[in-house]
Structure formats: C-alpha cells, structure tokens
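Student: This is a predicted model, with the sequence first.
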Amino acid sequence: MTRWVSSVNKPENESSVLTMSTETDLLTPLSRQFFDGKLSTDDVLETTQTLQFPFADVHSREWYVGGLRVGYSDWRVNQRVQLDWAMESPTDVITLYINLQGKTTTRRILKERAFELGPHQHNLFYSPVNEGMLQSENDGLTTFMIQFSLDTFLGLSREANDGLKRFADQVVLQKPVALSPTTLYLTTGMRQAVTAIIQCPYEGGLKKLFLQAKTLELLVMQAEAASQTPPPAGGYIKTASDKERLWFARDYLTRHLASPPSLSQLAREAGINEYKLKRGFKEVFGTSVFGYLSDQRLELAKTELLENKRTAGEIAFTLGYSSLQHFSTAFKKKFRVAPSKVRA
C-alpha cells in the first residue's frame with residue numbers, strides 16, 4: 001500500500017500555512033498485484049489514472065511486463081505542496097527513480113541523513129520499508145520510475161559491473177542501499193530513453209521488446225553514471241540556485257540546437273555570469289557548453305538518420321552546420337561511421 005499524507009504549504013514568505021492531513025491509497029489494482037508478487041504476464045499491461053485533489057490534478061501511467069513495473073506521474077499543482085509518503089510491499093522491489101521536476105526525499109536508505117533528489121536527478125534504491133516526502137515546484141511535480149522484482153533484478157545484475165553487483169549483495173541481505181552515495185544527474189541519453197518509453201508508438205510484441213530494451217538501457221546508463229568518479233567536494237558550483245540556472249542553460253541549448261545562442265546570450269538567458277556558466281557547466285555536466293551542443297546535434301542527427309526522416313544534407317542544414325562535409329566529418333569522428341553508412 002502507498003499512503004500519501006499530504007501537507008499543503010503556501011509560499012515561504014507567507015506566515016500562515018494551510019495543512020491538510022489525509023491518507024490516500026494511490027495504488028492501482030495492477031500495482032497491488034505486482035507488489036504482492038501475484039502479477040504474472042508475458043504481455044504488456046498498461047493502465048492510466050487521473051486523480052483530483054484540492055491542491056493538484058494528477059495524471060499517471062503504468063506499464064507492466066514480466067518482472068517490471070514502469071511508472072510515470074505528473075502532478076499539476078495550484079500551490080506549493082509537500083506530500084509525505086510511505087510504501088509497504090510484501091515482496092522486495094528495487095526502484096530506479098528519476099526525479100524530473102520537484103524534489104523527492106526518502107528516509108530509510110541512509111542512516112545518517114535523508115536522501116534527497118532534486119530536479120533532473122536519479123538513483124537506484126532498495127529498502128524493505130520505504131517512506132519519504134515529495135515537494136512540488138511552483139507548477140508541478142513529475143517523477144518516473146522503473147521497479148524490478150527481486151528475481152528480475154538479481155538476474156540482470158549477475159553479469160553487471162561491480163557497482164550493481166555490490167548493490168545486489170546488499171539487496172540479498174535485505175539491507176537498505178543506494179547505488180550511488182550522492183545524487184546523479186540525468187544525462188541526455190537517459191532523458192531520451194524516458195521520453196521514448198512515455199511516447200512508445202508500438203503495440204503488442206514490439207511494445208514488449210521496446211519496453212524491455214529501454215528499461216535495460218536506463219539501468220545500464222545509470223550504472224555507468226554511478227561508476228564515474230563524482231565531482232570533488234567543495235566544487236565551484238555550491239548553491240542549488242546556480243545548479244538550477246545551469247540546468248536551465250542546458251535545456252535552453254537543447255531546445256535551440258538549430259540556432260544556438262552565443263555564450264554571452266546563453267548566460268543572459270540563464271541569469272548567470274559567463275565565467276560561472278563556462279566553469280559550472282563543465283563541473284556539473286562533464287563537458288563544455290560547445291561540447292554539449294555538438295554532441296546533442298550529432299545524437300539528434302543519428303536518430304533522424306536511423307528513422308529515415310531526412311537526408312544527411314537536410315539534417316546538416318537544419319542543425320546549422322556550415323556544409324555537408326563539415327557535418328560528415330563531425331559525425332564520423334563521434335560515431336566512427338559516415339552518415340551515409342548509418343542506413344545501410
């Protein structure tokens with residue numbers, strides 16, 4: 001059972017706080033069967049749910065296949081809201097949690113402190129008992145998760161990297177554990193995989209293969225991200241506000257791949273000085289602003305080539321390359337194959 005004890009807060013600069021205490025079971029019949037260990041199907045099962053509260057409209061979607069539960073939840077709030085949650089499951093589940101908007105806190109993973117995920121952050125969790133808190137931003141709270149049954153996860157982790165194997169060892173001992181001791185930032189590849197799952201165009205057997213492939217892809221990318229050396233303590237970017245500005249800058253670049261802003265324009269759009277943008281971008285995302293822009297253009301080009309949407313020349317022109325030759329050279333350098341060979 002998932003219980004939501006909701007505490008609705010007005011903005012911090014207002015002295016009065018409106019508090020509502022209710023308990024609501026948000027689990028669908030399919031999710032109850034999954035957590036009880038009674039859901040067994042080779043087909044893809046999907047369910048949607050829309051709920052209305054005084055403080056929010058909630059739309060959620062769930063997909064089930066084999067020992068996987070995939071969930072997407074979007075809360076459209078009319079005021080800032082804080083939600084305490086608790087989940088009780090008769091069976092062990094491992095949760096790959098991606099916080100897209102708002103803030104999620106879980107209290108049972110680390111003994112010394114609560115574990116907090118902000119916007120665009122993720123981690124892999126296990127705990128026999130789960131409880132925590134969700135906090136919205138001004139207009140919403142959006143989360144995505146993949147939950148693995150115990151047998152499914154142990155089967156996948158058996159041939160995985162050392163980090164996932166150590167994680168699985170703790171799960172077997174029923175000890176609360178997080179894959180990474182610090183929060184991980186969402187990569188572009190992970191974001192694309194999440195979007196692909198939510199917008200999956202396939203049906204039947206193809207949909208089953210697609211969901212299995214994408215969930216495994218997300219687990220692999222998360223394991224790889226966790227294995228990378230975290231940035232040293234006391235880095236240049238110290239405040240949550242600066243990190244949010246850098247994430248805005250990255251998202252702004254992603255939306256303007258064809259006609260990207262100059263560095264000074266991007267700094268103005270993000271509300272951060274140019275030096276902090278350059279140094280902070282490298283620290284948070286592990287690449288320069290120009291390097292990120294180049295990678296995103298090429299990833300988009302590869303996707304369009306694979307989907308036979310446009311010719312290489314059309315893609316090069318749309319993405320702002322000065323010539324087809326310039327585009328082909330950059331593409332081959334990144335992917336070690338010419339654009340003309342991608343469709344072969």
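Tutor: The structure has been received and is ready for your questions.
Student: Report the central residue of this structure.
Tutor: Ile98 (3.6 Å; CA atoms, centre = their mean).
Student: What strand or helix carries it?
Tutor: strand 93-101 (DSSP states H and E).
Student: Run me through the strand neighbours of that strand, direction for each.
Tutor: Strand pairing for strand 93-101, determined by DSSP bridges: strand 121-126 (antiparallel), strand 140-149 (antiparallel).
Student: Give me the below-cutoff pLDDT ranges for this structure.
Tutor: 1-25, 107-113, 137-139, 229-235, 343-344 (pLDDT under 70).
Student: still on that earlier bit, and for the strand holding Ile98, what are the contacting residues?
Tutor: For strand 93-101, contacts defined as CB atoms under 8 Å, 6 or more residues apart in numbering pick out 34-35, 69, 104, 117-126, 130, 136-137, 140-150, 153, 171, 186, 190, 194, 215, 218-219, 222. Quick note: C-beta positions are derived from backbone N, CA and C, even for glycine.
Student: Show me just the buried residues among those residues.
Tutor: 34-35, 69, 104, 117-126, 130, 136-137, 140-150, 153, 171, 186, 190, 194, 215, 218-219, 222 (16 or more other CB atoms under 10 Å).
Student: which residues are in contact with the helix ranked longest in the chain?
Tutor: Taking DSSP state H as the criterion, the chain has its longest helix at helix 204-227. Applying CB under 8 Å, 6+ apart, the external contacts of helix 204-227 come out as 42-44, 63, 65-66, 68, 70, 96, 122-124, 146, 156, 160-164, 179-180, 184-185, 187, 189-190, 193-194, 196-197, 200, 202.
Student: In helices, which of these appear?
Tutor: Those of those lying in helices (DSSP H): 156, 162-164, 189-190, 193-194, 196-197.
Student: In the residues you listed, find the pair that's most separated.
Tutor: Spatial extent of those (CB to CB) is set by the pair Asp162 and Ala196 at 28.3 Å.
Student: Which of the two has more residues huddled nearby?
Tutor: Ala196 (17 against 9; other CB atoms under 10 Å).
Student: OK, contacts around that one?
Tutor: If you count contacts by CB under 8 Å, 6+ apart, then Ala196 has 210, 214 around it.
Student: now swap in Val177 and tell me
Tutor: So Val177 contacts 109, 125-127, 167, 170-171 (CB under 8 Å, 6+ apart).
Student: how about these in CSV, adding distance to Glu304?
Tutor: Below are these laid out as CSV (distance: CB to CB, whole Å):
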residue, distance to Glu304
Ile109, 40
Phe125, 35
Tyr126, 38
Ser127, 42
Phe167, 36
Gln170, 42
Val171, 40
